[in-house]
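Undergrad: Sharing a sequence plus its predicted fold:
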Amino acid sequence: MSCIPSKEEMQRTLEARHGKELQAKFTGSTVAICGLGGLGSNIAVSLARAGIGRLILIDFDQVDISNLHRQQYRANQIGYCKTDALKENLQEISPYLDIVTHTVRVEENNLTELLQDADIICEAFDDAEAKAMLVNGVLEKLHMKYLIAASGMAGLGSANSIKTRRVMERFYLCGDGVSDVADDIGLVAPRVMLCAAHQAQMVLRILSGNHEP
Amino acid sequence: MVKINGTELNVSGKTIAEYLATTDYNAMRIAVERNGEIVPKAQYAETVLQDGDSVEIVNFVGGG
């Protein structure tokens, strides 16, 4: 196996791509990802590649065979905690990334503690009630944070209907708003990844100082 | 008149809980923003919609 580049070499390469000033903003930031399924695992891969300094990864669940069609896990990781499996995969992409993991269910009574160190929070759950709980909780208790949530990315609808919308000054919503997995339309990798990419892109835009979707 | 998700509705004087009861929204799957601020769920029953308010109800569907 060939040896991996040094931390300095990787940092220099990112600076050459993004410019020193912008890369410093990415490297200096902490992003929390709540839920490590189709949205969260794909958001994490994008942000790890962009050179975000620190990721807080939160999920209570384990990798299941039914996750492999859209989530960034491997068949030999079935049964692992998603936090541990994703950390392993991200470290292979970006070995010097600072990763914090919490293998817990996010609830109203622990969300402040779990998320207070984040500059930007990505809501990436699959359950509609969990999504609403997190969004209400963050907007009520952590209103100075940026929050990027997702609703509506199931099925084989058009890629072009996935959008990012700025709902409040610091609250953004990605997705088509209506395609519900409960309607038995399935979830396919590209459309979930599109929505995750919208969320990750909004993270990078906010960090760059551009707050419009 | 109160603007809710872009539509002007004649609901001023109603509380948010009263308005929601006339709709199909599931209160466990929404967030309500009023004039740029979140309305805590615990305040739906006591927040009275005023003439000129702008309200957005964000509805979450499953999948991720």
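TA: The structure has been received and is ready for your questions.
Undergrad: touching chain B at all, stretch A:123-131?
TA: Yes. Counting by C-beta under 8 Å from any C-beta of the partner chain, chain B is contacted by stretch A:123-131 at A:124, A:125, A:126, A:127, A:128, A:129, A:131. Glycine gets a C-beta too; all of them are placed from N, C-alpha and C.
Undergrad: What is the neighbour count of the first one?
TA: Put plainly, it is residue A:124. Burial of residue A:124 is recorded as 30 neighbouring residues (other C-beta atoms under 10 Å in any protein chain shown).
Undergrad: Please tell me how far it sits from residue A:13.
TA: Here the criterion is C-beta to C-beta, to the nearest Å. By it, residue A:124 lies 28 Å from residue A:13.
Undergrad: that older thread, okay if I get the residues of stretch A:123-131 next to chain B as a markdown table plus pLDDT, distance to residue A:85 and secondary structure?
TA: What follows is these, written out as a markdown table (pLDDT from 0 to 100; distance: C-beta to C-beta, whole Å; DSSP: H, G, I helix; E, B strand; the rest coil):
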| residue | pLDDT | distance to residue A:85 | secondary structure |
| --- | --- | --- | --- |
| A:124 | 98 | 15 | coil |
| A:125 | 98 | 18 | coil |
| A:126 | 97 | 17 | coil |
| A:127 | 98 | 20 | coil |
| A:128 | 98 | 25 | helix |
| A:129 | 98 | 25 | helix |
| A:131 | 98 | 23 | helix |
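Undergrad: List only those of these flagged as buried.
TA: Burial by neighbour count, judged by 16 or more other C-beta atoms under 10 Å in any protein chain shown, picks out A:124, A:125, A:126, A:127, A:128, A:131 from the residues of stretch A:123-131 next to chain B.
Undergrad: With the flanking residues excluded, which residue is spatially nearest to the fourth one?
TA: By that I understand residue A:127. What sits nearest to residue A:127 in space, not counting adjacent residues and going by C-beta to C-beta, 6 or more residues apart in numbering or on different chains, is residue B:62, at 6.0 Å.
Undergrad: On the three-state scheme, residue A:185 is what?
TA: State at residue A:185, reduced to three classes by DSSP: H, G, I helix; E, B strand; the rest coil: coil.
Undergrad: Nearest residue to it in space, ignoring adjacent ones along the chain?
TA: Excluding its sequence neighbours, the residue lying closest to residue A:185 (C-beta to C-beta, 6+ apart) is residue A:155, at 3.4 Å.
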